[in-house]
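Asks: Mind looking at a prediction? Sequence and model below.
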Amino acid sequence: MPVLEWLDYAGVAVFAATGALAASRKQLDLVGFIFLAAVTGTGGGSVRDVLLGATPVFWVEKPVYLLICAAVAILTFFTAHLVESRYKLLLWLDAAGLAAYSVMGAAKGLAISGSMTVAIVTGMLTATFGGVLRDILAGEPSVLMRPEIYVTAAGIGAAAFVAADASGLPLLAASAIGVLAAFMVRGGALAFGWSISPYRPRPGRNPDDIV
Amino acid sequence: MPVLEWLDYAGVAVFAATGALAASRKQLDLVGFIFLAAVTGTGGGSVRDVLLGATPVFWVEKPVYLLICAAVAILTFFTAHLVESRYKLLLWLDAAGLAAYSVMGAAKGLAISGSMTVAIVTGMLTATFGGVLRDILAGEPSVLMRPEIYVTAAGIGAAAFVAADASGLPLLAASAIGVLAAFMVRGGALAFGWSISPYRPRPGRNPDDIV
Amino acid sequence: MPVLEWLDYAGVAVFAATGALAASRKQLDLVGFIFLAAVTGTGGGSVRDVLLGATPVFWVEKPVYLLICAAVAILTFFTAHLVESRYKLLLWLDAAGLAAYSVMGAAKGLAISGSMTVAIVTGMLTATFGGVLRDILAGEPSVLMRPEIYVTAAGIGAAAFVAADASGLPLLAASAIGVLAAFMVRGGALAFGWSISPYRPRPGRNPDDIV
């Protein structure tokens, strides 16, 4: 499916760009840009493949993913001042990448395990773990800890895909439904500041017991 | 062995609860609770399985582990103010989980590698890496860096199991010895504040050499 | 090849020593020393093996690597005040380990994937990821974020090995070229403070767009 393949390359490129921008915030050198871009672009899929036992991981089979990350990193190194001024555009591209990856991760998890629960988890991991690794390596607060909807959008996209697939829809239609669901939720968070009500602490009954 | 299986589920649930409590400290939303609970509950066993090549990892084969983590996370989301006031109880449950996992991790490492050294290491990894991942993702100081005995208890449990197994005891007896050893050491740390004498720096001979 | 094997053991020992020194800075106990030494000494090779699907990872097959890490950790626990005063020597030993591992990682990646791009990446990962894990676990700023040349030296060593191997040189000669290239670049950084010009931010065109 060439459409899915191009979507895949575009997703890697967008995630790699967010890694390269983190490198620019840390004022790293060119190799630092490439390293963070590659980890962010391929990290989620690598973790998915390793947990599913689908090794060697996808970029060992198809090194073009690494070349895409390197190209994006080099481009960003010389143009980060322009890219930064278009950060809002990048957030929307990242939302598209998140949506595509939540479905691709879920599809691979479903194909290998046959379990809908596993598919939703691998969808969430694939879409978010590249960003998690980027934040850990760059020493920035994890994307998981931000109040804005992010992981949830990936989970909804993966769940919508799995449900559509289970209801007998063809793969392409189920994929489109999942991608749209994730993109609408994440897009709503970007456009309207959607967030889910977080846990609010209440005083415990026996404060002296709290260690 | 149904007893071991229930112990296994209980261990996942207890570790997942510590992950959900970390999510409550960070005031995450419900999906954040589930994500941190699942990573903490399944992280140690996942790392063990990946390193041993026992992939797909255990929760891909048996997604019920994920459902347990999700159920614990949802329960904690609505009752964390109660759970926090029972944090001391949770520490004791965590000690039980640590003890059970040090033996289960060692048993799997021993079965796959045949090496006692590897078995002790996989026992320690299985019992502690879920907590390590929880602390990294939540941006809290790692459990490894705390002065209190923790990793050591897992190592002692794994070593006791391996030694008992090598001496010819049946699997269930060796497991009981390992679980008890780990639980007594960790319990001693909780009850009496046991810690092992840490490294204390002394002045180097040529301070000017220190970079 | 006994020479390569001894180089391998020496590399593990040197990396393990940097992990044990991080444990001494955090004033951990003896088990903490062993844990950080083992993660640092074996982490890069473990990540390489897992991504390449070469599991169980190398130290499961050959637990002597773990024993080397434990021995180095115990030695460092009792002599860290001496080792620290020789930190410059350790940096040079670390440079030798980095050089050796960039080539060994590249050779394994090339053998399994047949791709030069993958080989360069696995060379860089093998040489640096032990240190990355050490810094994450110890809560110190990542080696990736320091201005000094480090990852780049591993990349140059891996690339030089791959190029020499592709040009038809025998394995030992290609290995020597790669090791020398990495060691000279890293050594230059140590001796003369070499660094690559980092990214320097310029003002964006539409500052109001920056989120």
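Replies: In hand now; what should we look at? Residues are numbered from 1 along each chain as shown, chains lettered A, B, ... in the order given.
Asks: Spatially nearest residue to A:G32 (excluding sequence neighbours)?
Replies: Using Cβ to Cβ, 6 or more residues apart in numbering or on different chains and skipping residues adjacent in sequence, the residue nearest A:G32 is A:A23, 5.2 Å away. Using the backbone N, CA and C atoms, a C-beta is placed for each residue, glycine as well.
Asks: no, scratch that, I was asking about A:S46
Replies: A:V57 is the one closest to A:S46 (Cβ to Cβ, 6+ apart), at 4.7 Å.
Asks: wait, the one you found sits on A:G45?
Replies: Yes: contact criterion Cβ atoms under 8 Å: A:V57 and A:G45 qualify, at 7.0 Å.
Asks: So between these two, which is more surrounded?
Replies: Between A:V57 and A:G45, counting by other Cβ atoms under 10 Å in any protein chain shown, A:G45 is the more crowded of the two (28 against 22).
Asks: In contact with that one, which residues are there?
Replies: With contact set as Cβ atoms under 8 Å, 6 or more residues apart in numbering or on different chains, A:G45 has these partners: A:57-59, A:101, A:104-105, A:126, A:130.
Asks: Let me know the distance separating it from chain B.
Replies: Distance, A:G45 to chain B, by Cβ to the nearest Cβ, to the nearest Å: 15 Å.
Asks: can you check A:R146 too?
Replies: Going from A:R146 to chain B by Cβ to the nearest Cβ gives 9 Å.
Asks: Next: A:I136.
Replies: In this view, A:I136 and chain B are 6 Å apart by Cβ to the nearest Cβ.
Asks: Distance of that residue relative to C:G155?
Replies: Distance from A:I136 to C:G155, counting by Cβ to Cβ, to the nearest Å: 21 Å.
Asks: With neighbour numbers in mind, choose between the two.
Replies: Neighbour count, other Cβ under 10 Å: between A:I136 and C:G155, C:G155 has more, with 23 against 18.
Asks: Run through the residues that contact the residue lying closest to A:S142 once chain neighbours are set aside.
Replies: In this structure, A:S142 finds its nearest non-sequential neighbour in A:D135, 4.6 Å apart by Cβ to Cβ, 6+ apart. If you count contacts by Cβ under 8 Å, 6+ apart, A:D135 has them with A:22, A:141-143.
Asks: What average pLDDT does stretch A:184-197 get?
Replies: Averaging pLDDT along stretch A:184-197 gives 83.
Asks: How about the residues of chain A by chain C?
Replies: Proximity of chain A to chain C is confined to A:23-24, A:26-33, A:35-36, A:38, A:46, A:50, A:55-57, A:59-61, A:63, A:66-67, A:77, A:80-82, A:84-88, A:91, A:136-139 under the rule Cβ under 8 Å from any Cβ of the partner chain.
Asks: which of the residues you listed count as buried?
Replies: Buried members of these, scored by 16 or more other Cβ atoms under 10 Å in any protein chain shown, are A:23-24, A:26, A:28-33, A:35-36, A:38, A:46, A:50, A:55-57, A:59-60, A:63, A:66, A:77, A:80, A:84-87, A:136-139.
Asks: Longest helix in chain A, please.
Replies: helix A:87-113 (DSSP state H).
Asks: Quickly check: that one near chain B or not.
Replies: Yes: counting by Cβ under 8 Å from any Cβ, chain B is contacted by helix A:87-113 at A:109, A:112-113.
Asks: Make a markdown table from these and add distance to A:L169 and pLDDT to it.
Replies: Converted to a markdown table, the residues of helix A:87-113 next to chain B look like this (distance: Cβ to Cβ, whole Å; pLDDT from 0 to 100):
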| residue | distance to A:L169 | pLDDT |
| --- | --- | --- |
| A:G109 | 18 | 93 |
| A:I112 | 20 | 91 |
| A:S113 | 20 | 90 |
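Asks: Out of those residues, the closest to B:A159 would be?
Replies: Using Cβ to Cβ, A:S113 is the member of the residues of helix A:87-113 next to chain B that sits closest to B:A159, with 34.3 Å.
Asks: who's in contact with the closest one?
Replies: A:52, A:119, B:56, B:60-61, B:63.
Asks: Which ones among the residues you listed lie within helices?
Replies: Residues from these lying in helices, with DSSP H as the criterion: A:52, A:119, B:60-61.
Asks: ok, of those, which one's closest to C:M184?
Replies: Closest to C:M184, out of all of the ones in helices among the contacts of A:S113 and judged by Cβ to Cβ, is A:L52, at 41.0 Å.
Asks: Please enumerate the strands of chain A.
Replies: Applying DSSP state E to chain A gives no strands.
Asks: and A:L110, how many neighbours does it have?
Replies: 21.
Asks: And the pLDDT for it?
Replies: 94.
Asks: For it, which non-adjacent residue is closest in space?
Replies: In space, A:L110 is closest to A:A119, 3.8 Å off (Cβ to Cβ, 6+ apart).
Asks: next one: A:L180
Replies: A:A99 (7.5 Å).
Asks: doesn't A:S175 make contact with that neighbour?
Replies: No: A:A99 is beyond contact range of A:S175, at 10.2 Å (criterion: Cβ under 8 Å).
Asks: Pull up the gap between the residue nearest to A:L180 and chain B, please.
Replies: 16 Å.
Asks: Quick one: residues contacting A:V60.
Replies: Neighbours of A:V60 in contact, by Cβ under 8 Å, 6+ apart: C:51-53, C:109, C:112-113, C:115, C:118.
Asks: Show the buried residues in the residues you listed.
Replies: Going by neighbour count (16+ other Cβ under 10 Å), those have C:51-53, C:109, C:112-113, C:115, C:118 buried.
Asks: nearest to chain B, of these?
Replies: C:G53 (8.3 Å; Cβ to the nearest Cβ).
Asks: ok, now which ones touch the residue lying closest to the closest one once chain neighbours are set aside?
Replies: Residue nearest to C:G53 in three dimensions, not counting chain neighbours: A:T55, with 3.0 Å by Cβ to Cβ, 6+ apart. By Cβ under 8 Å, 6+ apart, the contact list for A:T55 reads A:49, B:55, C:50-53, C:55.
Asks: what about chain A, any weak spots by pLDDT?
Replies: Scanning chain A for pLDDT under 70 picks out A:1-4, A:83-86, A:197-211.
Asks: need the helices for it, in chain order.
Replies: Under DSSP H, chain A gives helices at A:2-25, A:30-52, A:58-61, A:64-84, A:87-113, A:116-138, A:151-166, A:171-192.
Asks: Show me how far the fifth one is from its chain's centre.
Replies: Chain-centre distance of helix A:87-113: 6 Å, with Cα atoms, centre = their mean, to the nearest Å.
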